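S.K.: my questions concern the predicted model and sequence given below.
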Amino acid sequence: MAKALFGHVGGSDPRMAQEMRRLQNRVRDLEAEVSRLQARNDQLSMAVTDTSGSSDREPALA
């Protein structure tokens, strides 16, 4: 698998290894950002559902 990722059978190039680490860190950061945004979206969706549910009802007659 590693051979396929590097695209050759020879020894690993230090620059390529550094780039791979940089890209792995970037992917990890982006995955964390996606998780954070999904959680925030869920919070906002629940807030909209809570407030829209009460505004659909007509007020009680006095």
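M.R.: Yep, it's here. As the structure is a computational prediction, the values presented were derived from the model and not from experiment. Numbers count the residues shown, from 1 in each chain.
S.K.: for the rest of this, base every contact and every neighbour count on C-alpha atoms.
M.R.: Will do.
S.K.: now do the SS call for residue 12.
M.R.: Put simply, residue 12 is coil when judged by DSSP: H, G, I helix; E, B strand; the rest coil.
S.K.: low-confidence ranges in the protein?
M.R.: Low-confidence segments of the chain, defined by pLDDT under 70: 1-11, 52-62.
S.K.: now the helices for it?
M.R.: 2-6, 14-55 (DSSP state H).
S.K.: now mean neighbour count too, for those, in JSON lines please.
M.R.: Formatted as JSON lines, those follow (neighbours: other Cα atoms under 10 Å):
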{"stretch": "helix 2-6", "mean neighbour count": "10"}
{"stretch": "helix 14-55", "mean neighbour count": "12"}
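S.K.: distance of residue 36 relative to residue 46?
M.R.: 16 Å (Cα to Cα, to the nearest Å).
S.K.: repeat for residue 21
M.R.: 38 Å.
S.K.: what of residue 30?
M.R.: From residue 30 to residue 46 the distance is 24 Å (Cα to Cα).
S.K.: and for residue 33?
M.R.: Taken as Cα to Cα, the span from residue 33 to residue 46 is 20 Å.
S.K.: residue 18 too?
M.R.: Distance from residue 18 to residue 46, by Cα to Cα: 42 Å.
S.K.: export stretch 44-51 as PDB, just CAs?
M.R.: Extracted in PDB, the C-alpha atoms of stretch 44-51 (Å, rounded to 0.1, in the frame of the first residue of the first chain):
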ATOM      1  CA  LEU A  44     -29.200  25.800  14.900                       C
ATOM      2  CA  SER A  45     -31.600  23.400  13.300                       C
ATOM      3  CA  MET A  46     -32.900  22.400  16.700                       C
ATOM      4  CA  ALA A  47     -33.300  26.100  17.700                       C
ATOM      5  CA  VAL A  48     -35.300  26.800  14.600                       C
ATOM      6  CA  THR A  49     -37.500  23.800  15.100                       C
ATOM      7  CA  ASP A  50     -38.100  24.800  18.700                       C
ATOM      8  CA  THR A  51     -39.100  28.400  17.900                       C
END
